[in-house]
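J.: Task: produce atomic coordinates for the following.
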Amino acid sequence: MSEKVDRKDIQGMLASGYNHLNCARFLFLRVIDRVKARAWLANVIDKVTTAEYPGKHKAANSLNLALTFKGIEAMGIASDLICGFSHEFESGMTRPEAAQILGDNGPSDQANWEFGSIQTERDRPLHLLALLYGDNEDSVRNFARDNARVGKFGGCGRGARAQGETNRGCSGGSPTDSGSGLRSLFALAW
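T.: Take a look at the predicted model:
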């Protein structure tokens, strides 16, 4: 017997490639203050785009979040609540067998990674990935700025320029220009 899946409990990126949104920005973040980070997450959770079918009314912006196992721990979640995740998730991309399984050698070797490698995880661990999508560059920039304000999303960090990576037509720039506050919630992982 199969159970019915509630698409409201699934993030939208699993159901859509957001091909109607031409711009994206990815913010790689590290928790600095778990209390503020948890408050930020509690505020932003209702803004996360779900896999619910939007019909003809597709959003002009989408937000999805991903936490690493170290990110869950950094948020202060009790160990008895997070036991039982797979070895692959708990150990992350730096586990010895991952490179061989995924073919991360040569140009893809961890030694060439900007973040997430054994070397960078010691000083700048990757805890959370915020994926922001919009129909144009201004839309993504404004969406990032508005959703990074401390009062709106509280959280964790110092010095995060939160520039992240850009693709699909965005030219870059910091979504936290204008003193938005994400820098007081998270530090960039790189």
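
J.: And the nearest residue to Leu14 once chain neighbours are set aside, its phi and psi?
T.: Excluding its sequence neighbours, the residue lying closest to Leu14 (Cβ to Cβ, 6 or more residues apart in numbering) is Ala51, at 5.8 Å. Any C-beta I mention is one placed from the backbone N, CA and C, and that applies to glycine too. For Ala51, the backbone dihedrals (degrees, to the nearest 10) come out as phi -90, psi 10.

J.: who's in contact with Trp113?
T.: When contacts are counted by Cβ atoms under 8 Å, 6 or more residues apart in numbering, Trp113 touches Thr120.

J.: Look at the residue nearest to Leu14 and say how many residues are nearby.
T.: Using other Cβ atoms under 10 Å, Ala51 is surrounded by 17 other residues.

J.: hang on, it packs against Asp6?
T.: No. Between Ala51 and Asp6 there is no contact under Cβ atoms under 8 Å: 9.2 Å.

J.: In this protein, what residue spans correspond to helices?
T.: Under the criterion DSSP state H, the chain contains helices at 34-44, 69-74, 79-82, 87-91, 96-102, 118-123, 137-146, 150-153.

J.: centroid residue for this structure?
T.: Central residue of the chain (Cα atoms, centre = their mean): Leu129, 1.5 Å from the mean position.

J.: rewinding a little: tell me the pLDDT at the residue nearest to Leu14?
T.: Note on Ala51: pLDDT of 92.

J.: Please report how far it lies from Val5.
T.: Here Ala51 is placed at a distance of 9 Å from Val5 (Cβ to Cβ, to the nearest Å).

J.: And for Asn147?
T.: Counting by Cβ to Cβ - Asn147 and Val5 are separated by 27 Å.

J.: Neighbour count for the two, which is higher?
T.: For Asn147 and Val5, the more surrounded residue by other Cβ under 10 Å is Asn147, and the numbers stand at 20 against 9.

J.: correct me, but that one touches Leu63?
T.: Yes. Asn147 lies in contact with Leu63 (Cβ under 8 Å); the separation is 6.9 Å.

J.: joint contacts of these two?
T.: The contact sets of Asn147 and Leu63 overlap at Val44, Lys47, Leu132 (Cβ under 8 Å, 6+ apart).

J.: Isn't the second one up against Ser62?
T.: No. Counting by Cβ under 8 Å, Lys47 does not reach Ser62; the two are 9.6 Å apart.

J.: okay, these two: which has more neighbours?
T.: Counting neighbours by other Cβ under 10 Å for Lys47 and for Ser62 shows that Ser62 has the greater number, 26 against 15.
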